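1. return atomic coordinates for the entry below.
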Amino acid sequence: MELELRHLKTIRAIADAGSLTRAATALGLAQPALSAQLKRIERALGGALFERGRHGVRATALGELVLERSRIVLPAVTELQQEAARFARAPHATACFRLGGTHGPLLGAVVDRLADVAPDARVTTCISWSERELAGLLTEGRLDFALAGTCGSASPPGAEGLVWQEVAVDPVFVMVPEGHALAGAGEVDLAELAGADWACVPGDGCFGDCFTVACARAGFTPLRMYETDTSSLVHLVQVGRAVGLCRATFPDTPGIITRPLAGTPLTWRHLLGWHRVTQRAETAATVLAQARLAHAGVAAGSDSYARWTAAQPVP
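-> Residues are numbered from 1 along each chain as shown. Next comes the predicted model:
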């Protein structure tokens, strides 16, 4: 019998479980079947891999050697499979744009622009609240590009082979209902909202921590934070249940006023990511340019953002 990858996975499963019974359950096998398979593997390798005892199994010297090698071989094979999948899809990168993104209007604007510049291309989209999930999909070759973001200057989702380029940086605005006492203000001091409940969309970055720090600098601790989808966030603001936090590019919405925070204590950096193995430089440059144009268009369509931009000092 020749040793196969599945045999190494079986050995790892037995070592991790610490007993044949638990390993059989994890592998979905009957214990007699697993015992018989282990014996065949041991015959192929020339000796016992585990010592059986009252409290389970323990690797022999030969077993430790095999386990040590498996810790190198199995991840290497997984990486090879992922890279092969990326290479297999690479020739189609210019014909099909598989885009991922988090919440917000930017993804739709990018899709619209790509439809203009590449009318024959097939464009698909995937939405996730998690920047790390999007990075994983890029790494696995299941997305071509991802629009994600980070709070302030935080690092983008890390994964080997990924390239992240900045699209734009937005100030974070607050959302209040039209009848709110601060709805007519040109900008809002964060301290003026000390008694409010808050709402924002979820994420796995440091935005929540950065918001808490900004509130502490303003002299208060936020009472409550609702992390919810965009539609629910809008509803909570419209009915006066919470003050919302949003990127400045958030589209104008009936019943809601968006206002900048004095001093811009929070910012959001829009990023475009791709895998350097699967994307040609010219394709990535095209998508990045369209993403930046899309952001400019979305920003221009927001009256509150336009006013904020006009009020900024010329660099």
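2. so for stretch 13-24, mean pLDDT?
-> Averaging pLDDT along stretch 13-24 gives 91.
3. show residues contacting it.
-> Here stretch 13-24 makes contact (CB atoms under 8 Å, 6 or more residues apart in numbering) with 10, 25-27, 30-31, 33-35, 38, 49-50, 52, 56-57, 59, 63, 67. For every residue, glycine as well, the C-beta is placed using N, CA and C.
4. before we move on, what about stretch 69-84?
-> Stretch 69-84 has contacts (CB under 8 Å, 6+ apart) with 5, 8-9, 11-12, 139-141, 277.
5. so how far is that stretch off the chain centroid?
-> 23 Å (CA atoms, centre = their mean, to the nearest Å).
6. going forward can the numbers begin at 18, since that is how I track them
-> Noted, 18 is the first residue going forward, which turns the last one into stretch 86-101.
7. confirm that Ala216 sits in a strand.
-> Yes. Under DSSP: H, G, I helix; E, B strand; the rest coil, Ala216 sits within a strand.
8. quick one: it and Gly80, what's the gap?
-> In this view, Ala216 and Gly80 are 54 Å apart by CB to CB, to the nearest Å.
9. ok, back up a step: please check the contacts of stretch 30-41 and keep the buried ones.
-> 27, 44, 51, 55, 66-67, 73-74, 76, 80, 84 (16 or more other CB atoms under 10 Å).
10. that older thread, just the contacts of stretch 86-101: which are in helices?
-> Mapping those onto helices (DSSP state H) picks out 22, 25-26, 28-29, 156.
11. helices of the chain, residue ranges please.
-> 22-34, 37-44, 48-62, 78-106, 123-134, 148-156, 224-234, 247-255, 298-317, 320-328.
12. phi, psi for Arg297 please.
-> Here is the backbone geometry of Arg297 (degrees, to the nearest 10): phi -70, psi 150.
13. tell me how many other residues crowd it.
-> Arg297 has 12 neighbours, counted by other CB atoms under 10 Å.
14. and if you look at Leu240?
-> For Leu240, the tally of surrounding residues (other CB under 10 Å) stands at 12.
15. ok, back up a step: nearest to Val315, of the contacts of stretch 86-101?
-> Thr156 (27.9 Å; CB to CB).
16. hmm, back to that, whichever of the ones in helices among the contacts of stretch 86-101 end up buried, select them in PyMOL.
-> Applied in PyMOL, the following selects the buried portion of those according to 16+ other CB under 10 Å:
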select buried, resi 25+28+29+156
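17. from the ones in helices among the contacts of stretch 86-101, which two are the most distant?
-> Taking CB to CB, no two of those sit farther apart than Ile28 and Thr156, at 26.9 Å.
18. quick one on the thing from earlier: CSV please, covering the helices of the chain and showing distance to Asp206.
-> Shown next, in CSV, are those (distance: least, CB to CB, whole Å):
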stretch, distance to Asp206
helix 22-34, 55
helix 37-44, 56
helix 48-62, 66
helix 78-106, 49
helix 123-134, 28
helix 148-156, 30
helix 224-234, 11
helix 247-255, 19
helix 298-317, 23
helix 320-328, 15
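19. so for Leu210, which of these sits nearest?
-> helix 224-234 (8.8 Å).
20. for the residue nearest the centre of the chain, what are its contacts?
-> Residue closest to the mean C-alpha point of the chain, counted by CA atoms, centre = their mean, is Glu148 at 1.5 Å. Counting by CB under 8 Å, 6+ apart, Glu148 makes contact with 119, 165-167, 173-174, 220-222.
21. list the contacts of the nearest residue to it once chain neighbours are set aside.
-> Nearest non-adjacent residue to Glu148, counting by CB to CB, 6 or more residues apart in numbering: Ala165, 4.2 Å away. Contacts here follow CB under 8 Å, 6+ apart; on that basis Ala165 touches 117-119, 148, 151-152, 173-174, 181, 288, 290.
22. neighbour-wise, give me the winner out of those.
-> Counting by other CB under 10 Å, top hit in the contacts of Ala165: Leu151 with 27 neighbours.
23. got the domain ranges for this protein?
-> The chain resolves into domains spanning 22-106, 118-332 when parsed by automatic domain parsing.
24. where does this protein have its least confident helix or strand?
-> The helix or strand of the chain with the poorest confidence is helix 78-106; it has a mean of 80 (mean pLDDT, DSSP states H and E).
25. measure how it sits relative to helix 148-156, angle-wise.
-> Angle, helix 78-106 to helix 148-156, by axes from the mean of the first three to the mean of the last three CA atoms, to 10 degrees: 80 degrees.
26. helix 78-106 versus helix 48-62: what angle between them?
-> For helix 78-106 against helix 48-62, the angle by the same axes, to 10 degrees is 90 degrees.
27. can you list contacts of stretch 63-71?
-> 28, 31-32, 37, 55, 58-59, 74-77, 79-80, 83.
28. re the thing from before, just the contacts of Ala165: which has the poorest pLDDT?
-> Within those, Pro174 has the lowest pLDDT, namely 80.
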